[in-house]
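Model the following, please.
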Amino acid sequence: MRDFTHHKVDSQIKQDYYRIKDEVEFSVIIEEYDLEKGWAPYVANDVQIEYVMLSPYVRQTLTNNPETGKFSKILSLPDKHGTFKFRLQYHKRGYKFLEKVEEIPLKPFWHNQYERFIPVAYPYYLSAILMLVGFFIFSIIFLYHKDENVEKKNKKAPQKNNKKNN
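Coordinates of the predicted model:
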């Protein structure tokens, strides 16, 4: 096993960290030794790559190029930040156990990289605006409403008090 590499889809540079939801291309070359030919490309369709924190978040079967022995896959990284590992573990009877682990942190977006208004949150925005409008209308009604029954009671009340005093 050689050339264990990963990089973002739009660049060829291997990075020390990735951002959530990045598209990452992973590749590895696996060869087997043949006594007659020497090192030859290994052909299989069951080699898998895992993107693991404590348990695998992403597990994909690698596609094989039989001419070069290069196994590759484009992975979409999860929406969870933390310290993840690219882990390749391959067990096959009669062959040496292959294991390669590389630790790569997955970082969240910076505060200025998020969208300003998230479309999923429109019901919450609407409810906040309606609450403010409702409070404003309630305040106007409460402050400028005159209750006629209270005014009638206030006019009658002093007359009763005057009769009692006499």
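
remind me which residues of this protein are low pLDDT?
151, 154, 157-166 (pLDDT under 70).

in it, which spans are helices?
For the chain, the helices defined by DSSP state H cover 122-144, 148-165.

Out of the ones you listed, the one nearest residue 23 is which?
Closest of those to residue 23 is helix 122-144, at 27.5 Å (criterion: C-beta to C-beta). Heads up, the C-betas are built off the backbone N, CA and C, glycines and all.

what residues does the closest one touch?
residue 117 (C-beta atoms under 8 Å, 6 or more residues apart in numbering).

returning to what we had before: I'd like the helices of the chain as a markdown table, with mean neighbour count and distance to residue 95 appended.
Putting those into a markdown table (neighbours: other C-beta atoms under 10 Å; distance: least, C-beta to C-beta, whole Å) gives the following:
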| stretch | mean neighbour count | distance to residue 95 |
| --- | --- | --- |
| helix 122-144 | 10 | 55 |
| helix 148-165 | 9 | 93 |
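
As CSV, those helices with distance to residue 66 would be great.
Converted to CSV, the helices of the chain look like this (distance: least, C-beta to C-beta, whole Å):
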stretch, distance to residue 66
helix 122-144, 50
helix 148-165, 92
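
So for residue 111, which of the ones you listed sits nearest?
Nearest of the helices of the chain (C-beta to C-beta): helix 122-144, 19.0 Å.

Tell me which residues touch the nearest residue to residue 83 once chain neighbours are set aside, please.
Closest residue to residue 83 apart from its sequence neighbours, by C-beta to C-beta, 6 or more residues apart in numbering: residue 105 at 5.1 Å. Residues near residue 105 by C-beta under 8 Å, 6+ apart: 16-18, 81-84.

Perfect, I'm done here.
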